[in-house]
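Q: Return atomic coordinates for the entry below.
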Amino acid sequence: MTSPSTTPGQPLPFTADDYRARMARAAEAADAAGLAGVLVAPGPDLVHLTGYRPTAATERLTLLVLRAGHDPVLVVPALEAADAAHAAGASALTLRDWTDAVDPYALSARLLGPNGRFAVSDNTWALHLLALQNLLPSTSYASLTSALPMLRAVKDAAELERLAAAGAAADATYERILKVRFSGRRETDVAADLASLLREHGHEQVDFTVVGSGPNGANPHHEAGARVIERGDMVVLDFGGLKHGYGSDTSRTVHVGEPTAEEQSVHDLVREAQEAGFGAVRPGAACQDVDRAARAVITEAGLGERFIHRTGHGIGVTTHEPPYMIEGEEQPLVPGMCFSVEPGVYLPGRFGVRIEDIVTVTEDGGRRLNTTPRELAVVE
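A: Have a look, this model is predicted:
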């Protein structure tokens with residue numbers, strides 16, 4: 001259910017009913033997997049399930065406890081209880097606040113029971129998990145990603161709307177960055193332009209602005225540095241963040257001045273591989289099929305050893321999350337899944353090329369959430 005009121009350009013807000021349904025699905029998924037429940041500390045899983053984002057994770061325990069057949073409970077420090085009570089999903093759960101004079105682990109242990117195996121959000125502090133284990137030695141724990149990897153993978157219509165808006169904002173950013181001058185400026189200057197444009201187009205958070213010029217482009221996660229971009233450079237651009245709480249992530253490779261025949265050929269190869277990866281997106285296909293399709297194109301051209309990362313990753317309330325498009329991942333694609341398709345070729349000491357779109361699985365194939373041209377653009 002959604003609220004009828006919103007402001008122009010803003011998506012309809014998630015409601016308590018939306019969060020209630022998410023928490024119920026998580027508890028049911030855990031039960032179906034033979035788990036006693038799900039334990040969620042501050043982080044993206046807590047935001048997704050409740051709408052509550054504490055100002056910071058601290059040594060004070062905050063823990064969402066989800067168990068099939070039980071009401072959701074959020075254990076929260078008393079000094080943060082007021083903020084938690086105002087979260088969008090607060091009315092869908094029970095708050096159990098505790099003061100510094102109370103043992104929060106004993107409180108939580110009573111909610112868990114003496115035994116069972118629980119899925120625990122990946123960013124839970126070891127301090128908290130070890131304390132629970134000490135009190136409940138007959139319990140055991142598994143990371144949420146390994147136990148329930150698809151918990152956030154399939155997006156509903158409202159989530160897809162947010163992801164599409166984030167993708168459109170990233171596309172608008174790319175179109176604008178093509179008009180700025182590259183040559184004679186530092187990578188950090190162009191990265192600052194990207195960050196500014198993302199914010200101008202509605203991003204409340206910028207997560208990364210990779211600008212890899214010349215040989216730096218051969219490092220897929222190059223941090224923009226002081227290198228001055230020169231005419232003749234290939235430049236890898238990879239940027240994204242959060243808009244309306246959901247992620248954008250796109251990559252394009254541009255060239256300063258006219259490219260050489262080899263540079264154009266490598267770029268054409270990556271573009272063909274990216275198209276092949278996208279073409280493999282359809283319901284029922286395995287995640288690894290997307291990786292295989294893209295990788296086969298580059299391998300057949302003799303550059304397989306220069307494609308050194310997975311073909312894609314999921315995206316949602318974070319810019320990297322399951323599912324992952326990589327060999328060995330047999331999870332079938334389902335309508336509503338969203339992930340990147342981003343093959344690349346990296347020639348050490350020379351240049352790199354990467355092309356990335358976010359795509360979503362539809363009933364009969366896939367749909368790109370990034371639609372800017374994938375041809376090699378020439379910039380000044």
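Q: what about Ser265, neighbour count?
A: Using other C-beta atoms under 10 Å, Ser265 has 11 neighbouring residues. Using the backbone N, CA and C atoms, a C-beta is placed for each residue, glycine as well.
Q: Give me the phi and psi angles of the residue nearest the centre of the chain.
A: The residue lying closest to the centre of the chain (C-alpha atoms, centre = their mean) is Thr319, at 2.4 Å. Main-chain dihedrals, Thr319, degrees, to the nearest 10: phi -80, psi -10.
Q: Just give the nearest non-adjacent residue to it, would you?
A: Nearest non-adjacent residue to Thr319, counting by C-beta to C-beta, 6 or more residues apart in numbering: Gly247, 4.1 Å away.
Q: list the contacts for the one you found?
A: Leu163, Ala166, Asp207, Gly240, Gly241, Ile315, Gly316, Val317, Thr318, Thr319 (C-beta atoms under 8 Å, 6 or more residues apart in numbering).
Q: where does it land on pLDDT?
A: Gly247 is assigned a predicted lDDT (pLDDT) of 97.
Q: Backbone dihedrals for it, both of them.
A: Residue torsions, per degrees, to the nearest 10, at Gly247 are phi -90, psi 150.
Q: who's it bridged to?
A: Leu242 (DSSP bridges).
Q: in stretch 287-302, what counts as buried?
A: Across stretch 287-302, burial judged by 16 or more other C-beta atoms under 10 Å covers Cys287, Gln288, Asp289, Val290, Asp291, Arg292, Ala293, Ala294, Arg295, Val297, Ile298, Ala301.
Q: taking those residues one by one, which sit in helices?
A: Cys287, Gln288, Asp289, Val290, Asp291, Arg292, Ala293, Ala294, Arg295, Val297, Ile298 (DSSP state H).
Q: so the fifth one sits right up against Pro323, yeah?
A: Spelled out, it's Asp291. No - assessed by C-beta atoms under 8 Å, Asp291 is found out of contact with Pro323, at 11.0 Å.
Q: Return every residue with contacts to both of the two.
A: Jointly contacting Asp291 and Pro323 under the rule C-beta under 8 Å, 6+ apart are Glu329.
Q: one step back: tell me the contacts of the residue nearest to the centre of the chain?
A: So Thr319 contacts Asp207, Phe208, Gly240, Gly241, Leu242, Gly247, Ser248, Asp249 (C-beta under 8 Å, 6+ apart).
Q: switch to 7 Å and redo it
A: Asp207, Gly240, Gly247, Asp249 (C-beta atoms under 7 Å, 6 or more residues apart in numbering).
Q: Of the ones in helices among the buried residues of stretch 287-302, just say which sits nearest to Met23.
A: For those, the residue nearest Met23 by C-beta to C-beta is Cys287; the value is 26.0 Å.
Q: which residues sit in contact with the closest one?
A: Here Cys287 is in contact with Pro323, Tyr324, Met325, Glu329, Gln331, Leu333 (C-beta under 7 Å, 6+ apart).
Q: got JSON lines for those residues, with neighbour count too?
A: Below are the contacts of Cys287 laid out as JSON lines (neighbours: other C-beta atoms under 10 Å):
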{"residue": "Pro323", "neighbour count": "23"}
{"residue": "Tyr324", "neighbour count": "22"}
{"residue": "Met325", "neighbour count": "31"}
{"residue": "Glu329", "neighbour count": "17"}
{"residue": "Gln331", "neighbour count": "16"}
{"residue": "Leu333", "neighbour count": "24"}
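Q: And the residues you listed, which two are furthest apart?
A: Tyr324 and Leu333 (12.1 Å).
Q: Rounded mean pLDDT for stretch 38-46, please.
A: The model assigns stretch 38-46 a mean pLDDT of 95.
Q: the longest helix in the protein is where?
A: Per DSSP H, the chain has its longest helix at helix 157-177.
Q: Mind listing residues that contact it?
A: 2, 11-12, 14, 155, 193-194, 197-198, 201-203, 237, 239-240, 243-248, 250, 252, 315-316, 336, 338, 358, 360, 369-372.
Q: Give me the buried subset of these.
A: Judged by 16+ other C-beta under 10 Å, buried ones among these: 11, 14, 155, 193-194, 197-198, 201-203, 237, 239-240, 243-248, 250, 252, 315-316, 336, 338, 358, 360, 369-370, 372.
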